[in-house]
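> Got a sequence here, can you model it:
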Amino acid sequence: MEQAAKKQVIKGLREQIISIQGYKPTSKSCQDISGLELFASAFPGHSFPLQGIHEFISESREQNAASSGFISGILSALMKDGSPCIWISATRKFFPPAAKRFSIPAASIIFIDLQNEKELLWVTEEALKCEGLAAVVSEIPDLNFATSRRFQLVIEKSKVTGLFLRENPKTLSNTTCLARWKISPLPSLLPEGMPGVGQPSWKAELLKVRNGQGGAFDIRWSGSSFETLKRESTRILPIHELQAG
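Numbers count the residues shown, from 1 in each chain. Here you go, the predicted model:
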């Protein structure tokens, strides 16, 4: 009994520390949002955190495109209840019709294209205040701790998920992000004998997880959700076969 009581005290203290550092108990987590369960084990309480900032670091055009696709997969899960999303950028490369591949109506994403970083920061903060949004995607290369902290305080009131796409950031300083991702493309895979181009595949690395384990995942888009990449049942199609198809 004494050992059990000690374990309970330790568990309570850990929960308090996690809460102080930014993980707030929430009724909306990956447990009730289908499609995000694959990543749950990397986070505290085996729950994909939504009330905070996820950073996506890209160091090349390929990684930037892969990050946009991966973010679209997350949006597909978050927007199933019909809530809209705002996508903010000063140099947007995302092609709106591509959202259909991830079962997202393009009309449900509000694109805001701006001229400079000052406008981008202000609009991002204002968007994060909108409680009815499923998420805010902001292509914001540079982010310091003070700005990220301000965003986090806004999110704690609105409960909106922030997905920040950071292409070639000047520095990777400490921020209040709940997770920092690096998404790299993997070759498209097809069932044996099938022609055409397969669903997108990625290597998703969690470079930083607050109070979590981190890790790496080889995954693909199934057409409706993320799934573990199973190479034994697929083959990489040679380029000449892709061109012939």
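> Pull up the gap between the residue lying closest to residue 96 once chain neighbours are set aside and residue 144, please.
In space, and not counting its chain neighbours, residue 96 is closest to residue 106: 4.4 Å by Cβ to Cβ, 6 or more residues apart in numbering. Backbone N, C-alpha and C define where each C-beta goes, glycine included. Applying Cβ to Cβ, to the nearest Å, the value for residue 106 to residue 144 is 33 Å.
> picking that back up, right, and the residue nearest to residue 96 touches residue 87 too?
No: between residue 106 and residue 87 there is no contact under Cβ atoms under 8 Å: 10.5 Å.
> How about the contacts made by residue 56?
Going by Cβ atoms under 8 Å, 6 or more residues apart in numbering, residue 56 touches 67, 70, 71, 163, 164, 165, 166, 181, 182, 183.
> State the paired neighbours of the helix or strand harbouring the last one in the sheet, together with their directions.
Taking DSSP states H and E as the criterion, the element that holds residue 183 is strand 179-186. Strand 179-186 sits in its sheet next to strand 53-58 (parallel), strand 201-209 (antiparallel), going by DSSP bridges.
> Please, where are all the helices along the chain?
All helices of the chain, identified by DSSP state H, fall at 2-20, 61-78, 117-128, 145-158, 239-244.
> tell me the contacts of the residue nearest the centre of the chain?
Residue closest to the average C-alpha location in the chain (Cα atoms, centre = their mean): residue 71, at 4.9 Å. When contacts are counted by Cβ under 8 Å, 6+ apart, residue 71 touches 56, 137, 163, 165.
> that older thread, when residue 106 and residue 87 are compared, which one has more neighbours?
Taking other Cβ atoms under 10 Å, residue 106 and residue 87 do not tie; residue 87 has more neighbours (25 against 12).
> can you tell me which residues contact the more buried one?
Residue 87 neighbours (Cβ under 8 Å, 6+ apart): 94, 109, 110, 111, 112, 137, 138.
> shaky segments in this structure?
1-34, 190-197, 231-245 (pLDDT under 70).
> Just give me the neighbour total for residue 93.
Residue 93, neighbours per other Cβ under 10 Å, totals 12.
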